[in-house]
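Asks: Got a predicted structure plus its sequence, pasted below:
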Amino acid sequence: MKKVKLSIKCHKEIEKELDEVFSKFIRARDKRCCRCGSPKRLTASHYWSRRHKSTRFDEDNVIALCFPCHIHQWEKEKQGDYKIYMTRRLGEQKMQLLEMKARSVAKYSAGELLCMLQYYQKKLEVMK
């Protein structure tokens with residue numbers, strides 16, 4: 001009898017793939033830099049850092065920024081113009097909820113990450 005090897009992705013591999021798909025989704029959703037309007041060199045910018053697991057894959061927390069705006073402008077201004085923009089975009093109440101969510105602890109299982117991965121893969125397909 002022949003043994004069949006199943007490929008089981010580990011938690012980190014799933015999270016990395018989800019990061020890539022989620023980033024593509026955000027860039028496809030916004031289409032342009034939310035700061036300057038450029039459609040070139042888009043990145044997914046997290047208002048609350050990716051280290052905050054609870055908001056890492058929250059669509060309200062992430063916007064498309066071109067590379068220069070992300071690195072040289074707003075990444076350093078999380079309490080300045082970036083916060084003003086995000087508050088206008090989401091509203092005061094949603095910004096407060098996002099902050100509370102970011103400050104809470106979240107741990108996702110591999111299964112939960114896989115579900116999110118499939119969800120954003122489908123959302124991306126629909127956008128094409």
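Replies: All right, it came through fine. Small disclaimer: the values here were computed from a predicted structure and weren't measured.
Asks: Give me the mean pLDDT for the lengthiest helix in the chain.
Replies: Under DSSP state H, the helix in the chain containing the largest number of residues is helix 11-30. On average, the pLDDT along helix 11-30 is 96.
Asks: I would like the residues contacting it, please.
Replies: By CB atoms under 8 Å, 6 or more residues apart in numbering, the list of residues contacting helix 11-30 from outside reads 9, 42-44, 50, 57, 59, 62-64, 108-110, 113-114, 116-117, 120-121, 123-124, 127. Glycine gets a C-beta too; all of them are placed from N, C-alpha and C.
Asks: Swap in 7 Å and give it another go.
Replies: Residues from elsewhere that reach helix 11-30, judged by CB atoms under 7 Å, 6 or more residues apart in numbering: 42, 44, 57, 62-64, 110, 113-114, 116-117, 120-121, 123-124, 127.
Asks: what's downstream of that helix, the next helix or strand?
Replies: Going down the chain from helix 11-30, the next helix or strand is strand 42-46, by DSSP states H and E.
Asks: Direction included, what does that next one pair against?
Replies: In the sheet, strand 42-46 lines up against strand 62-66 (antiparallel) (DSSP bridges).
Asks: Off-centre distance for the strand it pairs with?
Replies: Distance of strand 62-66 from its chain centroid, counting by CA atoms, centre = their mean, to the nearest Å, is 9 Å.
Asks: Now do it against helix 11-30, angle only.
Replies: 70 degrees (axes from the mean of the first three to the mean of the last three CA atoms, to 10 degrees).
Asks: would you put the C-alpha positions of strand 62-66 in CSV?
Replies: Below are the C-alpha coordinates for strand 62-66, written out as CSV (Å, rounded to 0.1, in the frame of the first residue of the first chain):
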residue,chain,number,x,y,z
VAL,A,62,-5.7,49.3,5.9
ILE,A,63,-5.6,51.6,3.0
ALA,A,64,-3.6,51.7,-0.3
LEU,A,65,-0.7,54.2,-0.3
CYS,A,66,2.0,54.5,-2.9
